[in-house]
Every structure is written in structure tokens, then in C-alpha cells.
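**Student:** below is the sequence, then the predicted model.
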Amino acid sequence: MDADGVPELFTRARAGSPRAVGRLLSMVEGPRRNAVREFLARELPAREPVAARETEAHTVSAGPGRALVIGVTGPPGAGKSTTVAALVDRYRARGVRVAVLAVDPSSPYSGGALLGDRIRMDRHTDDPGVFIRSLAARGHMGGLSEAVPAAVGVLVALGYGVVLLETVGVGQSEIEVAAVADPTLVVLNPGAGDAVQAAKAGLLEVADLLVVNKADRDGAEQTVRDLRAEAAVPVLTLIADRGVGTTELVAAIDAHRRAESSGRRAARARAQILALAQSLLRANGDLDRLAGLVAAGEADVYTATEELLAALTRTGAGTAG
């Protein structure tokens, strides 16, 4: 598709075509990303996105940079998809348009495990105010650090007031998504296993809110006590499949949003820039060649680093269009 197709797709997407939204997201996952980014840069200052409903004192606005982007991560089996579905219910009850991006680290072709979990979102499939999409962590040009912010930018421009990013809690994906989302929820099961696994995986470090799901099970109270002793962020309980605790969870998200400072926004922006830079450096074709030269003693690491950064600058200039 040529660049002229981007405005047409946005027009169709704004008119309610989920197929057009999907086409735009496919573009930002691949080599046509820059065409979409350039269109957004031109159009967003001049056009108001489709309005998401503003509600109460904790306004959720769809204006540029104003959408609520919530990361949901945690170990497999913790109930992340059920938690996401419960949050969709809450925000839809407020009249807010919601998009769900399920980030799958497995295969860019099969869709993997998270695609199967989308059956839990079936009650929302006929709701025009909800859009659901799976993104494969592998196979993206530039990795998640490039794909996710661009996808979020498209959804915000289309008027989605809340964007939910679900990942499986297995490493680098969480670090990259946490740089985009605010807040990031880490969902855990009762019992020591999930809390220990989360700590080892570094998930507690990216958490803005900790959520103990399946809180009606044995060990939930002890898990909450352990987490509160270990982490400096709010710890909440939830029974997501019954909707118990979702009111308190949304209130905690609202409170976190209201407490956001310019310092927190700058820290998140720094993390996002560094994650993107690291992703681009890893994907650069000169990395392996330079690593070979350093390993063979034919170049020192400082010279190789400078050359890699110079190569990245040349590549960026060459792909600006």
C-alpha cells in the first residue's frame, strides 16, 4: 500500500471499521511504520481524535498523550486475561472506548497462547467500543520497543480512551511494555510460588500496582502480607472471574494517575527511549560483525561501540521516510 492509503485507512477506522484498525496496526508492525507515524505527526495537532467520553473528576481523554495506557503482566496462569476482561467491563460501563493489545512472545505466525485466551473476551466481540488485537513479540521490525508505542499511538488517535497491554511476564517484553504503560499491574496467584517467581523475574521492579488474583483461595492473605513487606507499591486483592475487587482496582488506577508527576513522566520517557535504542542496536546488521572483530582482537570495544552508534545514525537517516 502506498503512503496515500494511510489517510484512507484512518478515515475508515474513525468511521468504525475494525478491519481498517487492524490494517493500520499491521503497518506499524512492519516496514510501513514510518508512513503511519508521519501521518500522525501531521494530523494529530490539527485534528481532534474521535471523542472518548470524559467521566467524573478522573477524566479519561482520548487526546494526544492523554489516553490511559495500562500494562497487565504476571506469571502464566495468574489470571491476566480475566483481569483484563474485568477492567474492560468497568471502563465500558463508564462509556470509555477500550483497546486490548495482547503481547505474545511465542510466534508471529500462530499467535500463540494469548490468542487462545481471547475466548475470555468473547462477550466483548460484538461491542464496537472494544477492539482486541494480539501482537507477537518476535518477528517485529525493531522489536516491541518500536511496535508497541506506534500501535498505542494509532489507537489513541482513533479515540480509544483506555489501552490495555497484556504480556505473559517472561522478561524483556515486560520491561519494554512498562516503559509505555502507566500504570503497570503485576497480577499474581496466592502462595509463595508466584511472588518468588515474580521477584526473580524482576516483575516487582516494573510494578506500579500489585494484584493478588483468586483472593478467595488459601494463602491469599499471607501473600498480600509478604508483598506489602517486600514492595513499596499498593497491593490489592481481586477475584477477577467474579468481578470482586475491580471497583477498588480501578480506583487505585485512578489514584495513581492523579498522583503522576512530571518527574515520573520524564522517567518513563527515558525508559522508553533507552528501550527503543537498545532494540535498534540489537537489530543493527553491523552488531555481529563488530562483535566478531572485538572477539578476534582486531578492534577494541570502545571503537566498535562508536562505529555501531554511527551505523545506527546512518540507518535511521536512511529510513526516515
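**Tutor:** Received the coordinates, thanks.

**Student:** in the protein, which helix or strand is least confident?
**Tutor:** Within the chain, no helix or strand scores below helix 112-117, which has a mean of 44 by mean pLDDT, DSSP states H and E.

**Student:** elements contacting the helix or strand that comes right after it?
**Tutor:** Following the chain from helix 112-117 toward its C-terminal end, the next helix or strand by DSSP states H and E is strand 130-136. Here strand 130-136 touches helix 18-28, strand 98-104, helix 112-117, helix 144-157, going by 3 or more Cβ pairs under 8 Å, 6 or more residues apart in numbering; DSSP states H and E. Where C-beta positions appear, they are placed from N, C-alpha and C, glycine not excepted.

**Student:** closest to residue 204 out of these?
**Tutor:** Residue 204 lies closest to strand 98-104 among these, at 19.3 Å (Cβ to Cβ).

**Student:** tell me which other helices or strands the closest one touches.
**Tutor:** Strand 98-104 packs on helix 80-93, helix 112-117, strand 130-136, helix 144-157, strand 162-166, going by 3+ Cβ pairs under 8 Å, 6+ apart.

**Student:** select from the helices and strands packed on strand 130-136 the stretch with the lowest mean pLDDT.
**Tutor:** In terms of mean pLDDT, the lowest-scoring of those is helix 112-117 (a mean of 44).

**Student:** pLDDT of stretch 32-47, averaged?
**Tutor:** Stretch 32-47 comes out at a mean pLDDT of 76.

**Student:** same question, stretch 299-310
**Tutor:** 91.

**Student:** which positions in it come out as buried?
**Tutor:** Under the neighbour-count criterion of 16 or more other Cβ atoms under 10 Å, stretch 299-310 has 299, 304, 308 buried.

**Student:** just the CA trace of that stretch, in PDB.
**Tutor:** C-alpha atoms of stretch 299-310 as PDB (Å, rounded to 0.1, in the frame of the first residue of the first chain):
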ATOM      1  CA  ALA A 299      39.100  -3.900  17.400                       C
ATOM      2  CA  ASP A 300      38.500  -2.600  20.900                       C
ATOM      3  CA  VAL A 301      35.100  -2.400  22.400                       C
ATOM      4  CA  TYR A 302      35.100   1.400  22.500                       C
ATOM      5  CA  THR A 303      35.800   1.800  18.800                       C
ATOM      6  CA  ALA A 304      33.200  -0.900  18.000                       C
ATOM      7  CA  THR A 305      30.600   0.900  20.100                       C
ATOM      8  CA  GLU A 306      31.200   4.200  18.300                       C
ATOM      9  CA  GLU A 307      31.000   2.500  14.900                       C
ATOM     10  CA  LEU A 308      27.700   0.800  15.900                       C
ATOM     11  CA  LEU A 309      26.200   4.100  17.000                       C
ATOM     12  CA  ALA A 310      27.400   5.700  13.800                       C
END
